[in-house]
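Participant: sequence first, predicted model second:
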Amino acid sequence: MLEFQNKFLHAIINCWERQSMKLTKVRFIILIFFVASLGMLHNTAFSKEIDWQSYADGMARSKFEKKKVFLHFYAEWCAACKVMEEKTFKDPGVIASLNENFISIKVDVDREKQTSEMFKVKLLPDTWFLETNNKIIGRRPGYISPQQLKVILQMLMDEDTGQ
C-alpha cells in the first residue's frame, strides 16, 4: 500500500510540475506580447517626438504603409526652422497626428542638395504634403505654428475619410 501511495504522490507531483511549466510558458508568451506592444507604442501617438525618416526610407515606407508623406525641408542655420523644431514639432497634438497618420521625412537642404533641388526649395522652412504615389497634395513655405499645422493635418485626414 505504501508503494502505491508513493507512486500516486509522485504522479500528482509530476502532473503539478507539468501544469506549472505550462503556466510558466503561458506567462512567458504573455510577457513577450506585452513587451512587443510597448515597442509598437514607441512609434505611435504616445511618442514624445516625431518618428523622422530619411527621404529614401520615408518614401519606401509610405508606399508600404499606404500613408501620406509629411516632407519638411530645413537647415541648421535657419532661425524659423529652429523655432518650428522647438515649438511646432514638440507639440503633443502635432506629434500624435504625424506619427499616427503620416510618414514624416526631414531633409537638411545643405546635406541633401539633390532632394532639395528636385523640389525646387527656395525658402526655409518648406513643408510639402505628398500622396503615397509621390503626387504632390500641397506645399506650405515658411514657419507653421502648431495650431496651423494641426488644422492642415486634420484637413488632410478628413480628405481621406470623405468628411
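Facilitator: Received the coordinates, thanks. Here the structure is a predicted model, which means the values were calculated and not measured.
Participant: neighbours of residue 106, how many?
Facilitator: Residue 106 sits with 18 neighbouring residues when counted by other C-beta atoms under 10 Å. In this view, the C-beta of every residue, glycine as well, is placed from N, C-alpha and C.
Participant: pretty sure it is touching residue 74, no?
Facilitator: Yes - with contacts defined as C-beta atoms under 8 Å, residue 106 counts as touching residue 74 at a distance of 6.7 Å.
Participant: which intervals of the protein have sub-threshold pLDDT?
Facilitator: Along the chain, the model assigns pLDDT under 70 to residues 1-6, 8-9, 16, 20-46, 161-163.
Participant: would you map out the domains in it?
Facilitator: Per the record's domain assignment (automatic domain parsing), the chain is made up of the domains 1-42, 52-161.
Participant: need the winner for burial among those domains.
Facilitator: A comparison of the domains of the chain by mean neighbour count, using mean count of other C-beta atoms under 10 Å, puts domain 52-161 on top with a mean of 16.
Participant: how far does it sit from the chain's center?
Facilitator: Between the centre of domain 52-161 and the centre of its chain there are 14 Å (C-alpha atoms, centre = their mean, to the nearest Å).
Participant: going forward, the N-terminal residue is numbered 167.
Facilitator: Got it, the first residue is 167 from now on, which makes the last one we talked about domain 218-327.
Participant: just the helices in the chain please.
Facilitator: The residue ranges that make up the helices of the chain, judged by DSSP state H, are 168-208, 221-231, 245-252, 258-267, 279-284, 312-327.
Participant: wait, residue 237 touches residue 295, no?
Facilitator: Yes - applying C-beta under 8 Å, one finds residue 237 in contact with residue 295, separated by 7.3 Å.
Participant: who's in contact with residue 253?
Facilitator: Listed by C-beta atoms under 8 Å, 6 or more residues apart in numbering, the contact set of residue 253 reads 311, 312.
Participant: any idea how far it lies from residue 314?
Facilitator: For residue 253, the distance to residue 314 equals 11 Å [C-beta to C-beta, to the nearest Å].
Participant: mutual contacts of the two, please.
Facilitator: Jointly contacting residue 253 and residue 314 under the rule C-beta under 8 Å, 6+ apart is no residue at all.
Participant: how far does stretch 228-246 stretch from start to finish?
Facilitator: Between the opening and closing residues of stretch 228-246 lies a distance of 27 Å (C-alpha to C-alpha, to the nearest Å).
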